[in-house]
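Student: This is a predicted model, with the sequence first.
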Amino acid sequence: MKKGTIRFTSLAFICFTSSMFAQLTSEKIDALVENSLKELKVAGASVAVVKDGKVIHLKGYGVSSVETKKPVNEFTNFQIASNSKAFTTAALSILEDEGKLKWTDKVRDVLPEFKMYNDYVTENFNIEDLLTHRSGLGLGIGDLMFFPDGSNFTIKDVMTSFQYFKPVSAFRTKFDYDNLLYIVAGEVIAKVSGMSYEAFVQKRIIEPLQMNNSFAGIDLMNDKSNLAVPHSSESGTIKTIEKFQIQVNGAAGGIISNAADMSKWMITRLNKGQYGTDLKSKLFSEKNHDEMWRIHTTLGADPNPRYNSHFSGYGLGWGISDEKGNLKVSHTGGLPGMLSIVTMYPDLNLGIVVLTNTQNGGAGLFTAVTNTIADSYLGLEDYGWTNKVVEWMKQGENTSDDVTKSIWEKVKSSKNIKVKNADFIGVYADKWFGEIEVFEKDKQLWFKSYRSPKLNGPMAFYNANTFAIKWEYQAMNCDAFAMFSLDETGKAQSILMKGISPNIDFSFDFQDLDLKRVK
């Protein structure tokens, strides 16, 4: 699905304007990646560069796991997370080419259970709306159903959840990144094609492109011996964490791939869907290639004068922008401990993919490596990307650390304040997230979700009617506040929540919960 803790949204590129600066050789890319691994505390990475229809650099770096020390190679598989979204839109393009659906088909006509926050939006929501992050709902809405993993939410829960969310903007007017609607798109593919999302993508995309070591879902992998292990550096040292388990379908972030196979994917995309000997085969039509690489939802252009960007927006599964007159098509992906980026410059017939296996440094590494490689092709001087990213990440971490440290210090200083636990104990329910329970364990309040078992942990008094929850799940920084509202007798009646850290990943959308006492 998404995302790293640190997001770099203003990093762009400039077109080739001179021959003063040499394109990076493979040896220099090796040195760049090795240095970035060290400086950004990343366990492993795999990098591929394609140019003019050929793979000109392909290599793995570091280790698949800090425990086994197994080296990463070009075939090491990573969870590519939200870079799966482009496979989803390609699958829909194939079905559109075959006349089995139209982009303007209403979702409700395919999936009658689908319901949005008002009747007008429900009746007018079409297939393209599922893919363009312009629903009117907020950033990462409802992701808490699947972050952390291990919950029991179903596709029916997803399709009926949207009616309970409050819009933050008018329909089709504003970009707010959404994963759940891509899951609905995966269900559209299943319904229209008559096979599961994973089976369709495997049969109609991965197999024709001979991406022989890639899989539309981890369950399709028989041999997991060369599957990278996710890591986290939240504790200050790099440690392995559990693999994130995709639920329902993989349309928002479930594909497993590697640098070698992603090279084939980029070459096909740069060839407008053509592949095979003499490019005689077509994955999708040029018409739908253009549809996927056309801006549907506008964003602000990069203000950095270095790049002279005039427009930016989101297509169908791709970010679209310009740099010095060159089109750039890109997307990032992030799951706990798995961060990736795919970047292409169609005008230069250039593509770069970077796959990493460490939270948080992976986002920094893919930024530094991609930008440095691209700059060398675009005629730019060395900008010192790795050093700059290291500094930006330190600043962000320091700010976050200062905030969270002060909060937990206040919690510690308040530990002797007497709390009447009985006033807060009870079962509370949210319309889309279901029931949670506040209970007492060893004389301390605890929070647990009935449907998402990893959201379980002790509650410590913070201030007034607010408690800080330290989740037993610590693979990502997602501790949260629980803010109770009391009745006239002092008994809690409802709970609002929000993340504690300023750097909390947006998929932990605690702020979208509205928990009411039911027992």
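Tutor: The structure has been received and is ready for your questions. Predicted model only: the values in this text are computed from it and were never measured. Numbering: from 1, shown residues only.
Student: Which strands or helices does the helix or strand where M393 lies pack on?
Tutor: In this assignment (DSSP states H and E), M393 forms part of helix 385-413. Here helix 385-413 touches helix 26-39, helix 361-377, strand 456-463, strand 466-469, going by 3 or more C-beta pairs under 8 Å, 6 or more residues apart in numbering; DSSP states H and E. In short, each C-beta sits where N, CA and C put it, glycine included.
Student: can you pull the contacts of the closest residue to L283 other than its chain neighbours?
Tutor: Spatial nearest neighbour of L283, excluding adjacent residues (C-beta to C-beta, 6 or more residues apart in numbering): G273 at 4.4 Å. Shown in contact with G273 (C-beta atoms under 8 Å, 6 or more residues apart in numbering): 93, 282-286, 288-289.
Student: Now do the buried residues in the helix holding M393.
Tutor: 385-386, 389-390, 393, 396-397, 400, 404, 407-408, 411 (16 or more other C-beta atoms under 10 Å).
Student: what does stretch 469-476 give?
Tutor: 469-471, 473-476.
Student: Let's see that stretch as CSV, backbone CA atoms only.
Tutor: In CSV, the C-alpha atoms belonging to stretch 469-476 read as follows (Å, rounded to 0.1, in the frame of the first residue of the first chain):
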residue,chain,number,x,y,z
ILE,A,469,-1.8,3.7,24.6
LYS,A,470,1.5,1.8,24.1
TRP,A,471,0.6,-1.0,21.7
GLU,A,472,2.1,-4.4,22.0
TYR,A,473,2.6,-4.1,18.2
GLN,A,474,5.8,-2.0,17.8
ALA,A,475,6.9,-2.8,14.2
MET,A,476,5.8,0.7,13.3
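Student: Begin at 612, not 1, for the rest of this chat.
Tutor: Yep, numbering from 612; the last one is stretch 1080-1087 now.
Student: roughly how far is that stretch from the heart of the chain?
Tutor: Averaging C-alpha positions (C-alpha atoms, centre = their mean, to the nearest Å) puts stretch 1080-1087 19 Å from its chain's average.
Student: now do stretch 798-816
Tutor: 21 Å.
Student: try stretch 1073-1084
Tutor: The chain centroid and the centroid of stretch 1073-1084 are separated by 27 Å under C-alpha atoms, centre = their mean.
Student: show me where pLDDT drops low in the stretch 612-761 of the chain?
Tutor: 612-632 (pLDDT under 70).
Student: could you say which helix or strand contains D760?
Tutor: With DSSP H and E as the test, D760 turns up in no helix or strand.
Student: give the contact list for it.
Tutor: 855-858, 1065.
Student: and the two most separated of these?
Tutor: Maximum pairwise distance among the contacts of D760 (C-beta to C-beta): 15.0 Å, between I857 and K1065.
Student: Sketch out the low-pLDDT regions of this structure for me.
Tutor: 612-632.
Student: where along it do the helices fall?
Tutor: Using DSSP state H, the helices of the chain run over 637-650, 696-708, 718-721, 730-735, 766-772, 791-804, 808-812, 870-881, 897-903, 972-988, 996-1024.
Student: Dump the ones you listed to CSV, plus distance to E818.
Tutor: Below are those laid out as CSV (distance: least, C-beta to C-beta, whole Å):
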stretch, distance to E818
helix 637-650, 30
helix 696-708, 13
helix 718-721, 25
helix 730-735, 36
helix 766-772, 25
helix 791-804, 15
helix 808-812, 9
helix 870-881, 11
helix 897-903, 20
helix 972-988, 27
helix 996-1024, 37
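Student: Deepest-packed of the ones you listed, please.
Tutor: Among these, judged by mean count of other C-beta atoms under 10 Å, the one packed with the most neighbours on average is helix 972-988 (a mean of 26).
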